[in-house]
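Chemist: model the following, please.
(2 chains)
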Amino acid sequence: MGKATRDAYGETLVEIGKINPNVVVLDADLSKSTKSVLFSQKFPDRFFNVGIQEANLVGVAAGLASCGKIPFISSFASFLVSKGFDQFRMSVAFSELNVKVVGSHGGITVGEDGASQMSIEDVALMTSLPGFAVIVPADEVSTRSLVLEMAKHNGPVYMRTGRPKVTIVHKADTDFKIGKGIRLREGKDLTIIANGLEVFEALEAAERLAEDGISASVIDMHTVKPLDTDLILEEAKRTGHVLVAEEHQIWGGLGSAVATFLAKKHPCKMGFVAIQDTFAESGKAEELLEKYGLTHPHIVKTAKKILGR
Amino acid sequence: MEKLSVEQLKAKSKLVRRHIVEMTGAAASGHPGGSLSATEILVALYFNLMDHNPQDPQWPDRDRLILSKGHASPALYAALAEAGYFDPKTLKDFRKLGSPLQGHPDRRKLPGVEASTGSLGQGLSLGIGMALARRLDKKNYYTYVITSDGEMNEGQTWEAAAMAAHHKVDHLIAFLDDNKYQLDDATKNICDMEPIVEKWKAFRWHTIEVNGHDMKQILQAVEKAKKFKGGPVMIIAHTVKGKGVSFMEGNNAFHGVAPTEEQVQKALKELE
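Modeler: Residues are numbered from 1 along each chain as shown, chains lettered A, B, ... in the order given. Next up is the predicted model:
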């Protein structure tokens, strides 16, 4: 088991702080949870804890960005995205300012704290803002590289990190670029496109499908926007069946983005593994993934359904 | 830029008011009332108080101004044009398709516009960010924010108020254009924020009260504000909505309604 993506974020932030003096970090009283606390210990002069206030957090970051700073702001995804949304819209996206946003505790694997703390709509909201790149990394390896890419990217970026420790699915030397998906497994019958911790579930599902003689590709589509449409098209043409898996509300997530693209360019049979328009509840992370249909047996079942087997 | 005298500032205010009336009249839309109430504040800033260079709008050491009450864009555009950021002839394109003079300020489109505003309550936070960047970069510029009594309703205003005081954000001077009205009615009838001066004091801001149409008082207030170190300053400017045009003064019908051609002519006569 690897580290949680939020840990990888916090550690990488310290590395960026050493290289780039223009990087500043802000948090809204959750730095111990989002892991931006690591930066605050190293660079106290470049860290601002604004208190429990998300709207002002975003605005202050936008002001800093307008003066050439590169602010990274963190809080729980559930509070940061929804409470800061108008500020993301006006002060960041519409203003074309270089603000980096990291929402931790994304999805339902927050666990025992329950539905109020679970962001299942962050990808839908943030992809709706013109100019924002949106990233959902799968493990600590990809998180480290993609946080570095975020800092280099000129423009606003949203990244969702997660609370639980997750299995490492990527090799240490993998080259990650914002907007470029990674093919982890190549198959001919079906393509599973996933992000976040669903990438691990997709790989597990591909193993089970192989036992039944079904050959599946697995793509880590860590960037939802801009979407790697070349890779999607190539896969859809080859396998003709596309399944999208994500720890997100089915409305407006990765599945919607892939389906909108394929509907225009290459309509094919599709399946979706996502949260079915409902709020979740308290429980252990693995219990919640099972109850809300996000574990690999659900992917296997959906795959067989669209393949007609 | 050369600093204008009080008498010259008064004359410039009249000119800016003429632009506001003409622009909103030509666009047949816009917000004349709140533009006219903020006129002296903007003119004092752009023509006396601020260190800025219209030939180099991105000069890193410039003083910054954020018009948080973005609907007063006609006053901002008129001041920017008169200061030399762009040709005053462009003012007639206000709110027209393809024009850089958007209904509410858009920093991407017009030189001199520091912040895109129009969703109320966001300006103070932006100002705090700019003031913190100044502190980090060890520069000397000031950040000015013009907010409004209507914006005092917004929660974000008070998030910003608390955070700026706690972090001792200085070189941040805000004006509250207290023109006593918001869209629906007098502020006292919608969501009364009085006692407003005491609120800012309680939030640990240094406060100064002025008549927002008295040039001398505005200049003196900023001079005092600059002497105050270690925290933000709020200048509460008591103003009259629609100031300078008799039939618009204190008449909230002109909050977001433009004058007719006949009313434009009548107003221009008063502003000769």
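Chemist: flag every residue of the stretch 1-150 of chain A that's near chain B.
Modeler: Taking CB under 8 Å from any CB of the partner chain as the contact definition, the stretch 1-150 of chain A meets chain B at A:24, A:45-46, A:48, A:50-51, A:53, A:55-56, A:58-69, A:71, A:86-87, A:89-91, A:94-96. C-beta: built from backbone N, CA, C; applies to glycine.
Chemist: mind showing which ranges of the stretch 151-272 of chain B have poor pLDDT?
Modeler: The model of the stretch 151-272 of chain B has no residue with pLDDT under 70.
Chemist: got the residue ranges for the strands in it?
Modeler: B:172-178, B:206-211, B:233-238 (DSSP state E, counting those that start in this stretch).
Chemist: so for chain A, which of these sits nearest?
Modeler: strand B:172-178 (10.1 Å; CB to the nearest CB).
Chemist: follow-up on the earlier one: highest average neighbour count across the strands of the stretch 151-272 of chain B?
Modeler: strand B:172-178 (a mean of 28; mean count of other CB atoms under 10 Å in any protein chain shown).
Chemist: could you report the pLDDT at residue A:1?
Modeler: Here, the pLDDT recorded for residue A:1 equals 89.
Chemist: again with residue B:38
Modeler: Reported pLDDT for residue B:38: 98.
Chemist: again, but for residue B:117
Modeler: In this prediction, residue B:117 carries a pLDDT score of 98.
Chemist: now residue B:2
Modeler: Per-residue confidence at residue B:2 stands at 89 (pLDDT).
Chemist: quick one on the thing from earlier: which of the residues of the stretch 1-150 of chain A next to chain B are buried, as a ChimeraX select command?
Modeler: In ChimeraX syntax, the buried subset of the residues of the stretch 1-150 of chain A next to chain B is picked out as below (16 or more other CB atoms under 10 Å in any protein chain shown):
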select /A:24,46,48,50,53,55,56,58,59,60,61,62,63,64,65,66,67,69,71,86,87,89,90,91,94,95,96
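Chemist: for the stretch 101-250 of chain B, which residue gets nearest to chain A?
Modeler: For the stretch 101-250 of chain B, CB to the nearest CB, closest residue to chain A: residue B:129, 1.9 Å.
Chemist: contacting residues for that residue?
Modeler: Listed by CB atoms under 8 Å, 6 or more residues apart in numbering or on different chains, the contact set of residue B:129 reads A:59-67, A:71.
Chemist: burial count for residue A:1?
Modeler: 8 (other CB atoms under 10 Å in any protein chain shown).
Chemist: and residue B:34, what element?
Modeler: Element membership of residue B:34, judged by DSSP states H and E, is helix B:32-37.
Chemist: residue A:105 contacts residue A:164, doesn't it?
Modeler: No: if you go by CB atoms under 8 Å, residue A:105 and residue A:164 don't touch, sitting 9.6 Å apart.
Chemist: more neighbours, those two?
Modeler: residue A:105 (27 against 18).
Chemist: let me see the contact set for the more buried one.
Modeler: Taking CB under 8 Å, 6+ apart, one finds A:6, A:33, A:76-78, A:117-119, A:161-163 in contact with residue A:105.
Chemist: residue A:75 too?
Modeler: Residue A:75 neighbours (CB under 8 Å, 6+ apart): A:27-28, A:30, A:34, A:54, A:57, A:103-104.
Chemist: host element of it?
Modeler: strand A:70-76.
Chemist: so for that strand, mean pLDDT?
Modeler: What strand A:70-76 shows for mean pLDDT is 98.
Chemist: regarding residue A:146, what is its secondary structure?
Modeler: helix (DSSP: H, G, I helix; E, B strand; the rest coil).
Chemist: gap between the one helix or strand residue B:132 maps to and the chain center?
Modeler: Using DSSP H and E, residue B:132 falls within helix B:123-137. Put simply, helix B:123-137 sits 18 Å off its chain's centre (CA atoms, centre = their mean, to the nearest Å).
Chemist: any chance you could map the helices in the chain?
Modeler: In the absence of a named chain, this looks at chain A. In chain A, the helices defined using DSSP state H lie at A:5-19, A:31-34, A:37-42, A:54-66, A:77-83, A:85-87, A:122-127, A:140-152, A:198-211, A:229-239, A:254-265, A:285-291, A:296-307.
Chemist: actually chain B
Modeler: Counting by DSSP H, the helices of chain B are B:6-27, B:32-37, B:39-44, B:73-83, B:123-137, B:155-166, B:187-190, B:196-202, B:215-227, B:261-270.
Chemist: could I get these as CSV with distance to residue A:181?
Modeler: Shown next, in CSV, are the helices of chain B (distance: least, CB to CB, whole Å):
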stretch, distance to residue A:181
helix B:6-27, 47
helix B:32-37, 49
helix B:39-44, 50
helix B:73-83, 43
helix B:123-137, 34
helix B:155-166, 37
helix B:187-190, 51
helix B:196-202, 51
helix B:215-227, 53
helix B:261-270, 58
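Chemist: hmm, back to that, in CSV, list the strands of the stretch 151-272 of chain B along with distance to chain A.
Modeler: Shown next, in CSV, are the strands of the stretch 151-272 of chain B (distance: least, CB to the nearest CB, whole Å):
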stretch, distance to chain A
strand B:172-178, 10
strand B:206-211, 20
strand B:233-238, 16
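Chemist: mind putting those into a markdown table with distance to residue A:172?
Modeler: Compiled in a markdown table, those are given as follows (distance: least, CB to CB, whole Å):
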| stretch | distance to residue A:172 |
| --- | --- |
| strand B:172-178 | 46 |
| strand B:206-211 | 54 |
| strand B:233-238 | 53 |
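Chemist: and of those strands, who's closest to residue A:199?
Modeler: strand B:172-178 (45.1 Å; CB to CB).
Chemist: what's the angle between that closest one and helix B:73-83?
Modeler: 130 degrees (axes from the mean of the first three to the mean of the last three CA atoms, to 10 degrees).
Chemist: list the helices and strands strand B:172-178 packs on?
Modeler: helix B:123-137, strand B:143-148, helix B:196-202, helix B:215-227, strand B:233-238 (3 or more CB pairs under 8 Å, 6 or more residues apart in numbering or on different chains; DSSP states H and E).
Chemist: repeat that with 7 Å
Modeler: Identification of packing neighbours for strand B:172-178 by 3 or more CB pairs under 7 Å, 6 or more residues apart in numbering or on different chains; DSSP states H and E yields helix B:123-137, strand B:143-148, strand B:233-238.
Chemist: what's the angle between the last one and helix B:123-137?
Modeler: So that's strand B:233-238. Going by the same axes, to 10 degrees, strand B:233-238 makes 150 degrees with helix B:123-137.
Chemist: for the residue nearest to residue A:125 when sequence neighbours are not counted, grab the count of nearby residues.
Modeler: In this structure, residue A:125 finds its nearest non-sequential neighbour in residue A:81, 5.4 Å apart by CB to CB, 6 or more residues apart in numbering or on different chains. The number of residues packed near residue A:81 is 25, by other CB under 10 Å.
Chemist: how far away is the residue lying closest to residue B:110 once chain neighbours are set aside from residue A:9?
Modeler: Closest residue to residue B:110 in three dimensions, ignoring its sequence neighbours and counting by CB to CB, 6+ apart: residue B:100, at 4.4 Å. Distance of residue B:100 to residue A:9, computed by CB to CB, to the nearest Å: 39 Å.
Chemist: many thanks, have a good one.
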